[in-house]
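**Q** Everything below, folded, please.
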Amino acid sequence: MTIAQISFFVLILVLGSVTTKQCGPSVKPPYGCRCMKYSKLYVTIRCKNQGDKTPFSTIPHMPNNTDQLIIEGFRFANLTKDIFKNLSSLSSLHRLSLRDNNIINISRDALSELKHLQGLEISYEIQVSRREISEMLSNISGNLSSLKFSHNAWDEPPKFFGLRDAPIQKLTLSHNYFRFLDGHWITDLTKLRKLDVSFNGITDIRHLSGLENITNLFLIGNWFKEFPKFCNFTLQKLTSLHFQYNKLTEFKPTYFQCLPNLQDLYLNGHAIRKLYNNTFSNLTSLRKLYIQRLAGQLFHIEPEAFKSNSLQRLIFTNNGFFFRNSSKEPSFEIFKYCPNLTVLNISSNNLELKENEFITMIKPLNKLKKLGIRTTGLAYLPRNLTRHLPMLRKLDASDNYLNGSWDGNSVFGNIPSLQYLDLSDNSIERITEHNFPLTLLNGIKDNGLDLSYNKLSCNCDDVLWFYNWMHANKKKLAHIGNITCRPNLPLHTSTRNLFYLTIKELCPMNPAVFIAIVSSGTALLVIFITLGTLYKLRWHIRHWLYVIKYKNKGYEIIPDDPDFKYDVFLVYADEDTKFIFDIVVPYLEGKGYSLCVRCRDFEIGKLYCDNIVDNMNLSRRILLILSNNFAKSKWCEFQMNFAYNRCLDEKINNIIVAVWEEISYKYLSNTLKVLLTSYDYALWSKSDATGRSLFWGKILRKLQFQSDDTECANGLLGVLQ
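**A** Below you'll find the predicted structure:
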């Protein structure tokens with residue numbers, strides 16, 4: 001035994017002999033562990049291998065208020081009872097998670113002394129024996145109510161014959177390699193209520209005879225091309241079905257039969273093109289329906305598609321659907337047959353309806369309490385909105401083209417019911433009693449009014465009334481630090497925080513004094529003002545240069561090509577996922593483009609590099625989202641080089657370059673230097689609306705047209721030589 005091993009063993013003995021205390025700010029857990037998720041009585045502790053050569057021989061004593069213990073990254077090849085002996089007297093320990101510990105063998109009595117255990121997870125263990133897990137489960141606490149076996153590369157789960165009398169209510173078997181679901185697997189779990197077999201690649205359900213008591217079924221991210229034939233089984237107790245991101249191409253009304261008690265149905269992420277009449281009419285208990293992110297494929301909804309007397313919540317967002325008035329695609333009656341809807345969200349679609357047409361569409365929803373119409377291209381608030389929706393409590397009309405020109409009393413009524421109103425990210429220039437009457441504002445709850453990121457004027461006459469109101473009612477305003485105004489100066493693009501302006505700044509007593517001071521400034525001051533103005537106009541200058549550059553270039557509309565499945569293949573770093581899903585994906589899919597996003601659209605079980613090559617070949621354009629994280633990623637470099645090779649082979653410039661953040665010089669490769677010096681890239685601005693507009697304008701222009709030059713090929717030659 002080495003000196004390091006002896007020292008570590010002595011450390012474990014010392015830790016084990018010390019009387020445990022409650023984990024808190026002044027009490028630290030054992031080495032390699034840290035306290036997480038404090039509550040009033042209990043705490044979660046996570047122990048992760050820090051790369052020590054000598055692993056735990058036993059798990060040391062833990063604080064006596066430990067509710068959940070997570071053991072991750074150690075090398076417990078043989079999991080025995082002795083490893084957990086220091087936890088046997090810990091009555092507060094209710095949940096144990098073992099993740100990626102290289103477990104090979106588990107003894108029958110390994111967890112037998114953990115008498116108070118209620119939840120157990122064994123995940124990321126590809127070598128563990130399912131037979132030994134089954135035997136171990138036969139000798140575990142009778143209080144066990146939750147089991148999780150995830151990322152174990154199993155083609156079927158272990159046997160649960162020893163848990164027939166256990167109160168197991170939740171079983172998670174996600175991220176394995178099941179190709180079918182067999183209800184016989186869980187017949188011994190008679191009290192099971194929630195079953196999660198998401199992300200397994202399941203294509204079929206062979207038997208559901210063991211699922212009679214299931215209330216919540218999760219089938220997310222599998223490979224179903226047909227909806228399961230639930231009529232072949234008895235699932236009378238099923239109340240919630242999660243069927244997102246499978247391979248369905250249509251929702252047939254016959255699919256949704258034989259589920260009389262289903263209340264919540266999730267159908268996001270399917271590439272369907274049409275919704276038929278009475279699709280959900282057979283679901284007589286349906287309360288919540290989620291249909292989101294349909295990849296921009298949906299083009300028609302029949303008038304009675306959502307017909308349901310029981311439906312209360314309909315979330316139909318990020319589908320790029322066009323609500324319009326035409327003989328072939330009328331939208332007036334889409335919600336006519338949903339009389340009990342209380343929540344409707346149709347954000348990130350396209351409302352191409354006139355004011356009276358929009359009112360006709362929502363008029364039947366007189367029980368509606370929440371309405372979401374964010375990012376729908378809306379340029380008006382319809383008159384008599386609250387008169388037709390008398391119970392409306394929350395309205396989200398953010399990120400549209402509203403300019404504040406409506407008559408507030410006409411839109412909101414004299415006794416409005418609204419308590420929460422989100423009008424952020426619009427183009428409102430003036431806020432007065434005319435468009436925001438006091439009858440509306442008096443009913444708003446705390447943090448209930450969001451007017452951030454608009455285009456308010458700093459002119460005293462335009463904003464003084466609202467300035468006084470916001471200081472008297474600041475608790476009612478959400479994101480008050482982002483309510484800004486623009487000074488009324490020629491070509492002035494900077495903004496100021498309205499709340500923190502003084503009354504003298506907002507309404508100066510003698511403007512002539514200010515003009516005299518500016519006009520009598522020195523030459524040095526003039527230079528600084530000129531430089532500052534050029535900096536503030538940098539986006540306009542970029543825009544002018546961009547227009548001049550392409551003014552004399554011919555554009556050719558890219559023809560429809562059935563060989564392409566996607567309009568855009570996104571290349572980005574994992575660390576930039578929030579920007580991708582919060583901004584890029586909603587915006588472009590909202591514009592009707594179909595995107596290939598690897599964490600959503602890649603085929604499960606397929607080699608990662610094959611997924612990249614195949615999906616890139618199925619995409620019309622490749623959009624590179626450059627950042628420091630991108631520059632450091634080898635996978636991003638692989639995708640960028642493959643895109644270049646495709647560009648060379650096809651002699652078509654199909655690469656679009658977008659810079660999410662300025663890239664440090666030390667991360668620049670030769671290829672990135674060529675991209676940033678040879679390409680006309682789109683540069684994101686986090687603080688300037690004009691910059692963001694130019695960013696999207698360039699990307700949309702590139703998506704819609706192709707140029708005659710071959711800058712891709714010419715730029716690459718210098719890198720390859």
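**Q** Skip ahead from the helix or strand in which residue 656 is found and say which helix or strand is next.
**A** Using DSSP states H and E, the element containing residue 656 is strand 655-659. On the C-terminal side of strand 655-659, the closest following helix or strand by DSSP H and E is helix 670-678.
**Q** Tell me the helices and strands packed up against that following helix.
**A** If contacts are counted by 3 or more C-beta pairs under 8 Å, 6 or more residues apart in numbering; DSSP states H and E, helix 670-678 sits against strand 619-626, helix 634-650, strand 655-659, helix 711-720. The C-beta positions use only the backbone N, C-alpha and C, and glycine is treated the same way.
**Q** Phi first, then psi, for residue 530.
**A** Residue 530 has phi and psi values of phi -60, psi -50 when expressed as degrees, to the nearest 10.
**Q** That one - how many residues pack around it?
**A** Number of residues near residue 530 (other C-beta atoms under 10 Å) recorded here: 10.
**Q** what does residue 335 give?
**A** Residues lying near residue 335 (other C-beta under 10 Å) number 24.
**Q** what about the helices in the stretch 401-550 of the chain?
**A** Listed in chain order, the helices of the stretch 401-550 of the chain (DSSP state H, counting those that start in this stretch) span 408-412, 438-441, 460-472, 503-506, 511-519, 523-536, 538-551.
**Q** which SS class is residue 581?
**A** helix (DSSP: H, G, I helix; E, B strand; the rest coil).
**Q** Share the number of residues neighbouring it, please.
**A** 13.
**Q** go on, residue 391?
**A** Residues lying near residue 391 (other C-beta under 10 Å) number 13.
**Q** For it, give me its contacts.
**A** Taking C-beta atoms under 8 Å, 6 or more residues apart in numbering, we find residue 391 in contact with 342, 366-369, 417.
**Q** Of the helices and strands packed on helix 670-678, give the one that comes closest to residue 243.
**A** Closest of the helices and strands packed on helix 670-678 to residue 243 is strand 619-626, at 26.4 Å (criterion: C-beta to C-beta).
**Q** mind listing what's buried in stretch 484-504?
**A** 484-486, 493, 495, 498-499, 501 (16 or more other C-beta atoms under 10 Å).
**Q** now do stretch 639-654
**A** 639-640, 642-644, 646-647, 652-654.
**Q** How about stretch 33-53?
**A** 33, 35, 42-47.
**Q** do stretch 77-89 as well
**A** 79, 81, 83-84, 86-87.
**Q** any idea of the mean pLDDT in it?
**A** Confidence for stretch 77-89, expressed as mean pLDDT, is 90.
**Q** mind saving the C-alpha coords of stretch 115-131 as CSV?
**A** Provided in CSV are the C-alpha atoms of stretch 115-131 (Å, rounded to 0.1, in the frame of the first residue of the first chain):
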residue,chain,number,x,y,z
LYS,A,115,-33.9,1.8,6.4
HIS,A,116,-35.3,5.2,5.6
LEU,A,117,-34.5,5.3,1.9
GLN,A,118,-37.4,6.5,-0.3
GLY,A,119,-35.6,7.3,-3.6
LEU,A,120,-32.8,5.5,-5.4
GLU,A,121,-30.9,6.4,-8.6
ILE,A,122,-28.3,4.3,-10.4
SER,A,123,-27.3,6.1,-13.6
TYR,A,124,-24.4,6.2,-16.1
GLU,A,125,-23.4,2.6,-15.1
ILE,A,126,-22.9,0.7,-18.4
GLN,A,127,-21.2,-2.3,-16.7
VAL,A,128,-23.5,-3.0,-13.9
SER,A,129,-25.3,-6.3,-13.8
ARG,A,130,-29.1,-6.0,-14.1
ARG,A,131,-29.5,-9.4,-12.3
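**Q** Skipping adjacent residues, who's closest to residue 140 in space?
**A** Spatial nearest neighbour of residue 140, excluding adjacent residues (C-beta to C-beta, 6 or more residues apart in numbering): residue 111 at 5.2 Å.
**Q** Also residue 197?
**A** Nearest one to residue 197, counting by C-beta to C-beta, 6+ apart, is residue 173 at 5.1 Å.
**Q** for residue 683, same thing?
**A** Nearest one to residue 683, counting by C-beta to C-beta, 6+ apart, is residue 659 at 4.8 Å.
**Q** List the contacts of the one you found.
**A** 626-627, 676, 681-684.
**Q** and if you look at residue 98?
**A** Residue 98 sits next to 71-72, 76, 79, 121-123, 125 when contact means C-beta under 8 Å, 6+ apart.
**Q** One more pass at 10 Å, please.
**A** 69-72, 74, 76, 79, 106, 111, 120-125, 128 (C-beta atoms under 10 Å, 6 or more residues apart in numbering).
**Q** Out of the residues you listed, list just those in strands.
**A** 69-72, 79, 106, 120-123 (DSSP state E).
**Q** Save those residues as a markdown table, and put in distance to residue 178 too.
**A** Output for these, formatted as a markdown table (distance: C-beta to C-beta, whole Å):
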| residue | distance to residue 178 |
| --- | --- |
| 69 | 28 |
| 70 | 25 |
| 71 | 26 |
| 72 | 24 |
| 79 | 24 |
| 106 | 21 |
| 120 | 20 |
| 121 | 18 |
| 122 | 16 |
| 123 | 15 |
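**Q** ok so, going back, out of the contacts of residue 391, who's nearest residue 326?
**A** Comparing the contacts of residue 391 against residue 326 with C-beta to C-beta places residue 368 closest, at 25.1 Å.
**Q** Isn't that closest one up against residue 418?
**A** No - counting by C-beta atoms under 10 Å, residue 418 is not a contact partner of residue 368; they are 11.8 Å apart.
**Q** Would you mind giving the secondary structure of the residue nearest to residue 593 when sequence neighbours are not counted?
**A** Distance criterion C-beta to C-beta, 6+ apart; nearest residue to residue 593, sequence neighbours excluded, is residue 567 at 4.2 Å. Secondary structure, three-state DSSP: residue 567 is strand.
**Q** How many residues are close by residue 567?
**A** 20.
**Q** What distance do you get for residue 388 to residue 336?
**A** Note on residue 388: its distance to residue 336, by C-beta to C-beta, to the nearest Å, is 13 Å.
**Q** between these two, what contacts are shared?
**A** With C-beta under 10 Å, 6+ apart as the test, residue 388 and residue 336 both reach 360, 362-365.
**Q** Can you list the strands that the strand holding residue 656 pairs with?
**A** Applying DSSP bridges to the sheet, strand 655-659 is found paired with strand 619-626 (parallel), strand 682-683 (parallel).
**Q** Give the next helix or strand downstream of the shortest one.
**A** Which is strand 682-683. helix 689-704.
**Q** Run the chain-centre distance for that following helix.
**A** Relative to the centre of its chain, helix 689-704 is centred 23 Å away, using C-alpha atoms, centre = their mean, to the nearest Å.
**Q** Against which helices or strands is that helix packed?
**A** Other helices and strands packing on helix 689-704, by 3 or more C-beta pairs under 10 Å, 6 or more residues apart in numbering; DSSP states H and E, are helix 538-551, strand 555-557, strand 566-571, helix 585-590, strand 619-626, strand 655-659, strand 682-683.
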